[in-house]
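*Asks:* only the shape, not the letters, is given here:
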């Protein structure tokens, strides 16, 4: 039981680097995280999706601590988390979540609130 609770302490995702556009509507994100210190960790999985804590895709990246996810739609927000897994088939808890926000296109003004004038 102690191994399982220690194994669950994967250090969270520590970096998210936005990469340049791959095509007109695609982008990539490079994730980096601290390695889990358990001796029997055999790899990591990256989970991501367009809603917080609702991951619709995953990638088994093996025993590396950086990975670039490509083919992301630049008009959408993305949320990422990482899990470690060990040789016994146990997975850690999810890391902290990182958000990659959709960029605001150049020349676009974002209006957070306004009040319309009733007179003409």
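*Replies:* Thanks, I have the structure now. Owing to the predicted nature of the structure, the values given are computational and were not obtained by experimental measurement. Numbering: from 1, shown residues only.
*Asks:* what pairs with residue 32 across the strands?
*Replies:* On the basis of DSSP bridges, residue 32 is bridged to residue 15, residue 66.
*Asks:* quick check: it touching residue 69?
*Replies:* No: in this structure, residue 32 is not within contact of residue 69 by CB atoms under 8 Å, at 12.0 Å. To be clear about C-beta, it is placed using only N, CA and C from the backbone, and glycine gets the same treatment.
*Asks:* quick one: which of these two has more around it?
*Replies:* Each of residue 32 and residue 69 has its neighbours counted (other CB atoms under 10 Å); residue 69 has more, 20 against 15.
*Asks:* OK, contacts around residue 99?
*Replies:* Shown in contact with residue 99 (CB atoms under 8 Å, 6 or more residues apart in numbering): 52, 77, 78, 79, 80.
*Asks:* the residues you listed, buried ones only, as a PyMOL selection?
*Replies:* Selection command for PyMOL covering only the buried members of these, criterion 16 or more other CB atoms under 10 Å:
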select buried, resi 78+79+80
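*Asks:* quick one: mean pLDDT for stretch 36-56?
*Replies:* Averaged across stretch 36-56, pLDDT comes to 95.
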